[in-house]
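S.K.: Sequence and predicted structure, then a few things I'm wondering about:
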Amino acid sequence: MLSPRRSSKTPVSRIVIPIGLQRATEWSWRFLVIAAAAAIGLFLIIQLNFLIVPLLIAVLLAALAAPLAIGLRRLRFPRWLATLTTLIVFVALVTGLVWLVVGELVRGWESLRDRTIIAYDDFVLFLLESPLEVSEVQLNTWFAVLMEQSNIDSAWVLSGALSVTSSVGSWLVGAGIALFALVFFIHDGARIWQYMVSWFPRLARPAILGSGKAGWDTLLSYVKVQIFVAFVDALGIGLGAFFLGLPLVVPIAIGVFLGAFVPIVGATVAAALAVLVALVYEGPFIALIMLIIVLVVQQIEGQVLQPLIMGAAVRIHPLAVVLAVAAGGYLAGIPGVLFAVPVVAFVNVVVTYLAAGEWRGDPGAVVGIEDKVR
């Protein structure tokens, strides 16, 4: 017996999706879209790092030099003269500091070289006379084995020289791009930003313009705090070298100050210079004290000044500062460490500004963009 056909009007049972699962899927696909966009953006940044890194450096340098240019314009300096004066003062200041360090090192080079030879001979003599009963033949054998294990031969030297030449060429190209961009950022930075904002829809321009201004103010605060942190580093290590009676105190302090702007490498090189001078001139005990002073100063800078003062200045939590620096170093090495805090601070301020709708009460954000560009 055949079963009766189901009527076409018989209602079909609906599949009920739990509200929790529905919201989870809605958030999931939105998160995937955001993650995909972030991944694409990060990929493009990595591919164009030869261009983006110099531009970001130029932005930070412009934030450092902008107050002088703005002050000169308020004194009725023509725009071109204010830009030229700012560049001359900025380059002269950096060149003067570098020249002072190099000049002191050149003047003390012979003494440093002689003391290094003496320190090396004393170390070899210590090994020969120590209870280890090391002979001169063994030392020569160890040195030969070290050279062999390190593959230090003519091919290694040639490849290293070619690598250094290539790196120097890349650095020079990057420095040229950064300097060229710095000139225009100082001279026409506001107009460049306003022109970029004019690409967006008319209703979105006030919000973008206002958030950009808020982010720029945060970058100015970041640069000021970075100068203060570098000064504290230089003061602490310089005073340590002075009280230990070391020579070349001024080059050491200035090297630490300049090195503080280059994360990891700069601080390490400056600290190594201080410890090397102490080892060569005063021996291992004073070198150990100098090393302790360097570590204490850098720990205070890295664990106290950077998270607390920097976090307060850029309006992000100290823990976020530490995590941002760690993530930046993992993802992009030294450039990641250098730009991690300013990028996170900029994004944080921009998102907060947009989420709060602060541009609605900001007169500077609702001025006609077309009038500014013209």
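M.R.: Yep, that arrived.
S.K.: per the record, what domains does this structure have?
M.R.: Residue ranges for each domain of the chain read 44-187, 202-374, as given by automatic domain parsing.
S.K.: Highest mean neighbour count out of the ones you listed?
M.R.: Greatest average neighbour count among the domains of the chain goes to domain 202-374 (a mean of 18), per mean count of other CB atoms under 10 Å. To be clear about C-beta, it is placed using only N, CA and C from the backbone, and glycine gets the same treatment.
S.K.: rewinding a little: include mean pLDDT and distance to residue 20 when you put the domains of the chain into TSV, please.
M.R.: Below are the domains of the chain laid out as TSV (pLDDT from 0 to 100; distance: least, CB to CB, whole Å):
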stretch	mean pLDDT	distance to residue 20
domain 44-187	74	36
domain 202-374	78	26
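S.K.: Same list (the ones you listed) but as JSON lines, adding distance to residue 32.
M.R.: JSON lines is the format used below for the domains of the chain (distance: least, CB to CB, whole Å):
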{"stretch": "domain 44-187", "distance to residue 32": "19"}
{"stretch": "domain 202-374", "distance to residue 32": "20"}
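S.K.: how about these, which one is nearest residue 38?
M.R.: domain 44-187 (10.4 Å; CB to CB).
S.K.: returning to that earlier point: of all the domains of the chain, which one is nearest residue 18?
M.R.: Per CB to CB, nearest to residue 18 of the domains of the chain: domain 202-374, 29.8 Å.
S.K.: tell me how far the closest one is from the chain's mean position?
M.R.: Centroid separation for domain 202-374 versus its chain: 7 Å, with CA atoms, centre = their mean, to the nearest Å.
S.K.: do the same with stretch 36-56
M.R.: 16 Å.
S.K.: Just the CA atoms from the helix or strand hosting residue 251 would do, formatted as PDB, please.
M.R.: Using DSSP states H and E, residue 251 maps to helix 249-259. C-alpha atoms of helix 249-259 as PDB (Å, rounded to 0.1, in the frame of the first residue of the first chain):
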ATOM      1  CA  VAL A 249      84.200  59.900  29.300                       C
ATOM      2  CA  VAL A 250      82.700  62.400  26.900                       C
ATOM      3  CA  PRO A 251      82.700  60.100  23.800                       C
ATOM      4  CA  ILE A 252      81.200  57.300  25.900                       C
ATOM      5  CA  ALA A 253      78.400  59.500  27.200                       C
ATOM      6  CA  ILE A 254      77.600  61.000  23.700                       C
ATOM      7  CA  GLY A 255      77.800  57.500  22.100                       C
ATOM      8  CA  VAL A 256      75.300  56.200  24.700                       C
ATOM      9  CA  PHE A 257      73.000  59.100  24.000                       C
ATOM     10  CA  LEU A 258      73.100  58.600  20.200                       C
ATOM     11  CA  GLY A 259      73.000  54.800  20.500                       C
END
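S.K.: what comes into contact with the very next helix or strand once past that helix?
M.R.: Per DSSP H and E, the first helix or strand lying C-terminal to helix 249-259 is helix 265-282. Taking contacts as CB atoms under 8 Å, 6 or more residues apart in numbering, the residues outside helix 265-282 that touch it are 112, 115-116, 119, 233, 237, 240-241, 244-248, 251-252, 255-256, 258-260, 286-287, 289-291, 294, 298, 334.
S.K.: same question, stretch 52-60
M.R.: In contact with stretch 52-60 (CB under 8 Å, 6+ apart) are residues 45, 174-175, 177-179, 181-182, 185, 219, 223, 335, 339, 342.
S.K.: The same query, at a cut-off of 7 Å, please.
M.R.: 45, 174, 177, 178, 181, 182, 185, 223, 335, 339, 342 (CB atoms under 7 Å, 6 or more residues apart in numbering).
S.K.: follow-up on the earlier one: so for residue 28, which of the domains of the chain sits nearest?
M.R.: Using CB to CB, the nearest of those to residue 28 is domain 202-374, at 21.2 Å.
S.K.: Show me what the helix or strand encompassing residue 237 is packed up against.
M.R.: Applying DSSP H and E as the criterion places residue 237 in helix 205-243. For helix 205-243, the packing partners by 3 or more CB pairs under 7 Å, 6 or more residues apart in numbering; DSSP states H and E come out as helix 49-74, helix 154-197, helix 249-259, helix 284-300, helix 311-314, helix 318-356.
S.K.: With distance to residue 36 added, can I get the ones you listed in a markdown table?
M.R.: Formatted as a markdown table, these follow (distance: least, CB to CB, whole Å):
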| stretch | distance to residue 36 |
| --- | --- |
| helix 49-74 | 20 |
| helix 154-197 | 24 |
| helix 249-259 | 39 |
| helix 284-300 | 39 |
| helix 311-314 | 28 |
| helix 318-356 | 17 |
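S.K.: Minimum distance to residue 19: which of these has it?
M.R.: Using CB to CB, the helices and strands packed on helix 205-243 put helix 318-356 closest to residue 19, at 25.8 Å.
S.K.: For the closest one, name the packing helices and strands.
M.R.: Using 3+ CB pairs under 7 Å, 6+ apart, helix 318-356 sits against helix 49-74, helix 205-243, helix 311-314.
S.K.: Distance to residue 199 for these - can I get that in a markdown table?
M.R.: Shown next, in a markdown table, are those (distance: least, CB to CB, whole Å):
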| stretch | distance to residue 199 |
| --- | --- |
| helix 49-74 | 18 |
| helix 205-243 | 9 |
| helix 311-314 | 27 |
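S.K.: Out of the ones you listed, flag the one nearest residue 125.
M.R.: Counting by CB to CB, residue 125 lies closest to helix 205-243 out of those; the figure is 26.9 Å.
S.K.: between that closest one and helix 265-282, how many degrees?
M.R.: 10 degrees (axes from the mean of the first three to the mean of the last three CA atoms, to 10 degrees).
S.K.: next one: phi and psi at residue 77?
M.R.: phi -70, psi 140 (degrees, to the nearest 10).
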